[in-house]
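1. Task: produce atomic coordinates for the following.
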Amino acid sequence: MSSSAGPWTRDEQRVRWSLGDDARTRDKADLWSKKQCVDLVKQLATCMSGKTVTLGWECQKERNLYTSCLKNYTSDTYLEMHKRESIAKRLVQMQQAKELEKSIRLQSPK
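-> The predicted structure follows:
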């Protein structure tokens with residue numbers, strides 16, 4: 001898998017990645033995208049305030065802006081960015097675990 005960030009490094013390729021990891025990454029990206037589009041949510045809420053049947057066409061512009069913002073921030077580029085962040089954190093954890101294991105081995109009697 002490659003992107004504008006470049007191909008995966010050897011260390012990144014070593015990290016085990018499951019479907020659950022993909023789901024968590026997608027959930028994280030969804031939350032992040034909603035934070036990026038919060039101003040548009042407020043505009044949409046303001047438009048929808050006090051409307052019932054008419055909101056379908058009266059707030060169409062605001063709704064379209066919000067959905068295009070969400071689509072933009074949940075694109076493959078951003079999903080890969082979140083996946084790389086997760087993998088980087090996991091690599092740090094793996095390195096810390098190795099260092100801890102090494103220090104324990106050095107302290108234990110032989």
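
2. what's the spacing between whichever strand or helix holds residue 100 and its chain's center?
-> If you go by DSSP states H and E, residue 100 is part of helix 76-107. Chain-centre distance of helix 76-107: 17 Å, with C-alpha atoms, centre = their mean, to the nearest Å.

3. list the buried ones in that helix?
-> With burial defined by 16 or more other C-beta atoms under 10 Å, the residues of helix 76-107 counted as buried are 79-84, 86-87, 90. C-beta here means a position set from N, CA and C on the backbone, and glycine is covered the same way.

4. Spatially nearest residue to residue 65, not counting backbone neighbours?
-> residue 40 (5.3 Å; C-beta to C-beta, 6 or more residues apart in numbering).

5. list the contacts for the one you found?
-> 62, 65-66, 69 (C-beta atoms under 8 Å, 6 or more residues apart in numbering).

6. Give me the most central residue, this structure.
-> residue 29 (2.7 Å; C-alpha atoms, centre = their mean).

7. Residue 80 is in contact with that one, correct?
-> No. Assessed by C-beta atoms under 8 Å, residue 29 is found out of contact with residue 80, at 9.6 Å.

8. Now secondary structure too, for the contacts of residue 40, in TSV please.
-> Below are the contacts of residue 40 laid out as TSV (DSSP: H, G, I helix; E, B strand; the rest coil):
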residue	secondary structure
62	helix
65	helix
66	helix
69	helix
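
9. Widest-spaced pair of those?
-> 62 and 69 (10.7 Å; C-beta to C-beta).

10. Just the pLDDT at the residue nearest to residue 65, thanks.
-> If you check residue 40, the pLDDT there is 94.

11. One more: residue 24?
-> 84.

12. From the contact counts, what lies against the helix or strand it falls within?
-> Assessed by DSSP H and E, residue 24 sits inside helix 19-36. Judged by 3 or more C-beta pairs under 8 Å, 6 or more residues apart in numbering; DSSP states H and E, helix 19-36 is in contact with helix 60-73, helix 76-107.
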